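>>> Build me a model from this:
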Amino acid sequence: MNWKRKLTLSAAALFLAAAWASSARADSITLSMPTPMVTVAQGTVAVEFDETAMNSSTSDTLYLNGDSSTTSSPLVTVDDSDFINNWPLSLAPGASFGPAALFVVDLPADLAPGTYTGTFSILGDTTNTGGLSDLADVNFTIDVTSAVVTPEPATLLLLGSGLAGLGLVRKRTPLAR
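Next comes the predicted model:
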């Protein structure tokens with residue numbers, strides 16, 4: 001066999017292997033999030049995101065083997081305990097799960113007002129071998145607003161009694177004419 005023929009057969013084998021690998025790739029999960037953008041006041045320390053997941057494949061079971069997440073700030077972290085502890089290990093063809101808490105975003109109490117974004121990804125495969133292909137991604141946004149300062153009842157009582165006292169002093173003091 002000459003080298004040109006070997007090269008052609010090798011290239012054809014690589015092409016077929018690549019085509020087979022892409023066709024064996026896991027079908028994605030369709031995620032629907034009712035509120036991907038949440039507005040919270042400064043001082044809020046946790047925001048929960050609920051999801052409904054559906055396996056859009058009619059033939060493959062999807063195994064949910066893990067997750068990953070990214071955020072726009074190192075101060076904002078994603079807690080995946082809800083996914084790890086409460087979500088199913090797999091979704092049968094056409095099956096759905098939820099709505100259920102998927103993850104919680106933890107915020108420091110003193111986080112500066114602003115917009116913080118992130119992505120949560122579900123990883124898995126169709127073969128139950130522990131593969132970590134990206135099955136679904138969901139983007140989220142948290143808008144942190146300045147905390148509204150509300151006077152405490154004791155402050156209002158003190159202000160009211162001070163105004164009442166000024167009113168009484170004014171009433172007792174004769175007006176200069």
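>>> what stretches of the chain score poorly on pLDDT?
Applying pLDDT under 70 to the chain flags the ranges 1-27, 148-152, 169-177.
>>> Which stretches in it count as strands?
29-32, 37-41, 46-55, 62-71, 77-79, 90-91, 96-106, 114-125, 133-145 (DSSP state E).
>>> Tell me which of those sits nearest to residue 158.
strand 37-41 (25.3 Å; Cβ to Cβ). In this view, the C-beta of every residue, glycine as well, is placed from N, C-alpha and C.
>>> from the chain's centre, how far out does that closest one sit?
12 Å (Cα atoms, centre = their mean, to the nearest Å).
>>> Quick check: the gap between residue 124 and residue 99.
In this structure, residue 124 and residue 99 are 20 Å apart, going by Cβ to Cβ, to the nearest Å.
>>> no wait, residue 110
Residue 110 is 31 Å from residue 99, by Cβ to Cβ.
>>> These two: who's more crowded?
Comparing residue 110 with residue 99 by neighbour count (other Cβ atoms under 10 Å), the higher total belongs to residue 99, at 13 against 8.
>>> so what's the more buried one up against?
Going by Cβ atoms under 8 Å, 6 or more residues apart in numbering, residue 99 touches 34, 50-52.
>>> ok, it to residue 166 distance?
For residue 99 relative to residue 166 (Cβ to Cβ), the value is 57 Å.
>>> ditto for residue 66
Residue 66 is 67 Å from residue 166, by Cβ to Cβ.
>>> Between those two, tell me which one has more neighbours.
residue 66 (16 against 10).
>>> which residue is nearest the centroid of this structure?
Centroid-nearest residue in the chain, with Cα atoms, centre = their mean: residue 140, separated by 5.0 Å.
>>> which residues sit in contact with that one?
Residue 140 touches 33, 36-38, 49, 105, 117-120, counting by Cβ under 8 Å, 6+ apart.
>>> Just put the residues you listed in CSV and tack on neighbour count.
Formatted as CSV, the contacts of residue 140 follow (neighbours: other Cβ atoms under 10 Å):
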residue, neighbour count
33, 17
36, 13
37, 12
38, 15
49, 21
105, 23
117, 16
118, 20
119, 14
120, 24
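>>> Looking at the residues you listed, which one is closest to residue 146?
After measuring the contacts of residue 140 against residue 146 - Cβ to Cβ - the closest member comes out as residue 38, at 16.0 Å.
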